[in-house]
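Enquirer: Predicted structure and sequence below. I'll ask about it afterward.
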Amino acid sequence: MATETFHPFGRLPPELRDQIWDLATLPLSPNHRPAAHFFTLANMREDRSMISLKDTISHDPWHRYCLVAPQCSGPGKMSWTESNPSAYLSEIGLWGACKESRRRVQNYRDPLSWSDWREVSTDYDGSDKLDRLPLLATFYSDGQNQNFTIYPRSDLLCIQPFNFDTINWADIHCNNSTVIGAFVGVHHMALEFDPTWGDPLRGPPPCLDKTGPLRCIATAVSFETHWVNNLWFIDYRIRRRPGSTLNEKRHVFYANSCRYVQVRETDTDWELATEPDIFEFLVDLNESLEEYFAVYYFAEEERPETNCPRWGQPVIGVLACEVSSNEESPWLAFKSSEGGICKM
């Protein structure tokens, strides 16, 4: 019978043990493949009474916004470990297994602390050096601090707002809040698409005058997330057609037991869900935003004849989720019950 514990490991030659630790660390290298990580985003000034500090990433107390344990088993159920598909969970064991493993992952990653990252990013010269620099973060779980590293400039940060009404994306950047990499710009940030977001768009525009998720999402796709290069919407209802192959180069981000794959509107290898179609939703949202900016940012005689230009908005894209194993985790089962998630 197979066992998960290899008891003679400590009797192996040190050189072989080091190679094993290095191989365990390799999959999260940016030269290997980009990873996907999940976090809840909370406004600690407005919602602190409902957030347990033990669920937060270590942060400066004066920061308004903070990254918190994700809600992967249902809304409001925050946990760093329960049903969490984040790639960072593959690494926390390396930091905590023993001194030997911690030394190897520290040497291999050579991560920066949050304060060091801010100092380096302040002197950012536009080169790709930040793409290769990992950031060390810490959260508290199982009675001790758990360390992990992510690459803010190449990994996918999947953000789950704790309270849509208290999120101001512009404040996150202006206040240098504890959103990893926000000080110099996140390359890839994702939101999990909810089909009910399209309901308010059927009413009278403009969408930014509304409250709740739609206002938060509308400001995210406009100029308030100018510090994000690419903003992705994960639609768990999208399925890849049987037998299809993805030959074109596209973005792929890897998590535990699944991966997130870029879907283009012109692709024929995917089956899109309707009511609403994710791409139709984005078109409707953009039209509502254009009307808002035309009304509120220009006087009548100054309105342009074409769409009102917006500045600094991220590139918008869509991701599908594909399961990479036959055994679904509780998180994948929960998402499947909502509709979507296809086998690779």
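Expert: Thanks, I have it. Because the structure is predicted, anything quoted here is derived from the model rather than measured.
Enquirer: Run me through the strand neighbours of the helix or strand containing Ile159, direction for each.
Expert: Using DSSP states H and E, Ile159 sits within strand 156-161. Strand pairing for strand 156-161, using DSSP bridges, gives strand 36-43 (parallel), strand 186-192 (parallel).
Enquirer: export the shortest one as CSV, just CAs?
Expert: So that's strand 186-192. The C-alpha trace of strand 186-192 is given here as CSV (Å, rounded to 0.1, in the frame of the first residue of the first chain):
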residue,chain,number,x,y,z
VAL,A,186,-0.1,44.2,-11.1
HIS,A,187,0.2,42.5,-14.5
HIS,A,188,-2.7,40.1,-14.0
MET,A,189,-5.7,40.5,-11.7
ALA,A,190,-8.9,38.4,-11.9
LEU,A,191,-12.5,38.6,-10.7
GLU,A,192,-14.9,35.7,-10.6
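Enquirer: So, low pLDDT: which residues of the stretch 51-200 of the chain?
Expert: 53, 58-62, 114-115, 117-131, 173-185, 200 (pLDDT under 70).
Enquirer: switch the cut-off to 50
Expert: Applying pLDDT under 50 to the stretch 51-200 of the chain flags the ranges 181-183.
Enquirer: which of the strands paired with strand 156-161 sits most buried?
Expert: strand 36-43 (a mean of 25; mean count of other CB atoms under 10 Å). For glycine as for every other residue, the C-beta is placed from the backbone atoms N, C-alpha and C.
Enquirer: Sketch out the strands for the stretch 201-344 of the chain, chain order is fine.
Expert: 228-234, 239-240, 252-255, 258-263, 270-271, 315-323, 342-343 (DSSP state E, counting those that start in this stretch).
Enquirer: For the longest one, list every residue counted as buried.
Expert: Across strand 315-323, burial judged by 16 or more other CB atoms under 10 Å covers 317-323.
Enquirer: for it, packing partners?
Expert: Counting contacts by 3 or more CB pairs under 8 Å, 6 or more residues apart in numbering; DSSP states H and E, strand 315-323 is packed against strand 228-234, strand 239-240, strand 258-263, helix 278-296, strand 342-343.
Enquirer: Mind doing that once more with 7 Å?
Expert: strand 228-234, strand 258-263, helix 278-296 (3 or more CB pairs under 7 Å, 6 or more residues apart in numbering; DSSP states H and E).
Enquirer: For the strands paired with strand 156-161, could you give me a markdown table that also reports distance to Val68?
Expert: Shown next, in a markdown table, are the strands paired with strand 156-161 (distance: least, CB to CB, whole Å):
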| stretch | distance to Val68 |
| --- | --- |
| strand 36-43 | 4 |
| strand 186-192 | 15 |
